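# I need the structure of the sequence given here:
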Amino acid sequence: MKEWKIIRLGDVVKTNAKSYSSREGWDFVNYLDTGNITDNVVEKIQHIDINKEILPSRARRKVNYNSILFSSVRPNQRHFGIIKSMPDNFLVSTGFVVVDALTNFVDSDYLYFWLTQREVVELLHSIAEQSVSAYPSIKSSDIENLEIKLPPIEIQKRIASILRSISEKIQLNNHINDNLAA
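Model (predicted):
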């Protein structure tokens, strides 16, 4: 265990790194709002034709493959996920903290599973309840200031692979149950 290091998350991630500008001239946007993802399950992505519709003011954050989305509002509602596929011209709400791992130091999947474990979500929710806004919310710096005990990257990848397999089996079982119920 001596190879494991306690690291401030902000030293191994970037948060909210890229934003959309209307100068980019997109004709359409595929937009994910905070309420449309829970426990890494996307309910709906809204397609917006910018030539005919007004882009929501919160549709600004750009993401990458393996970006982690973590809702800044009421963390206990579990509006978070990790990007494994995305449509063209994809934007997410500024209500998300977008976390991108510096992959030399931390595996994105390992970090996602660590951030979304019950104890971390409860800690972030307790921080949110102390906020001065009208509703419980966190800032990107609250995530950056978390300390994580990291094993070597090879071990992170092995752990994440096992957890990802379990998570995929749970999602498949839930899908089968939904089909049986229908």
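# residue 132: neighbour count?
One way to gauge burial is a neighbour count; for residue 132, by other CB atoms under 10 Å, it gives 5. C-beta here means a position set from N, CA and C on the backbone, and glycine is covered the same way.
# and what of the one 5 residues further on?
By other CB under 10 Å, the residues close to residue 137 number 18.
# how about residue 90?
The tally of other residues near residue 90 (other CB under 10 Å) stands at 19.
# same check on residue 95?
Around residue 95 sit 17 other residues, with neighbours defined as other CB under 10 Å.
# so what does the residue nearest to it when sequence neighbours are not counted look like in phi/psi?
On the basis of CB to CB, 6 or more residues apart in numbering, the spatially nearest residue to residue 95 that is not a chain neighbour turns out to be residue 34, at 4.2 Å. Dihedral pair for residue 34: phi -60, psi -30, per degrees, to the nearest 10.
# list the contacts for residue 34?
The neighbourhood of residue 34, defined by CB atoms under 8 Å, 6 or more residues apart in numbering, consists of 71, 73, 79, 93, 95-96.
# so which of the residues you listed wins on neighbours?
Counting by other CB under 10 Å, top hit in these: residue 96 with 27 neighbours.
# pretty sure that residue contacts residue 61?
Yes - with contact defined as CB atoms under 8 Å, residue 96 and residue 61 form a contacting pair (6.1 Å).
# nearest residue to the middle of the chain?
With the centre of the chain defined as its mean C-alpha position, the nearest residue by CA atoms, centre = their mean is residue 69, 1.6 Å away.
# show me how far the helix or strand containing that residue is from its chain's centre.
With elements delineated by DSSP states H and E, residue 69 resides in strand 68-71, which encompasses its position. Centroid displacement of strand 68-71 relative to its chain, using CA atoms, centre = their mean, to the nearest Å, is 2 Å.
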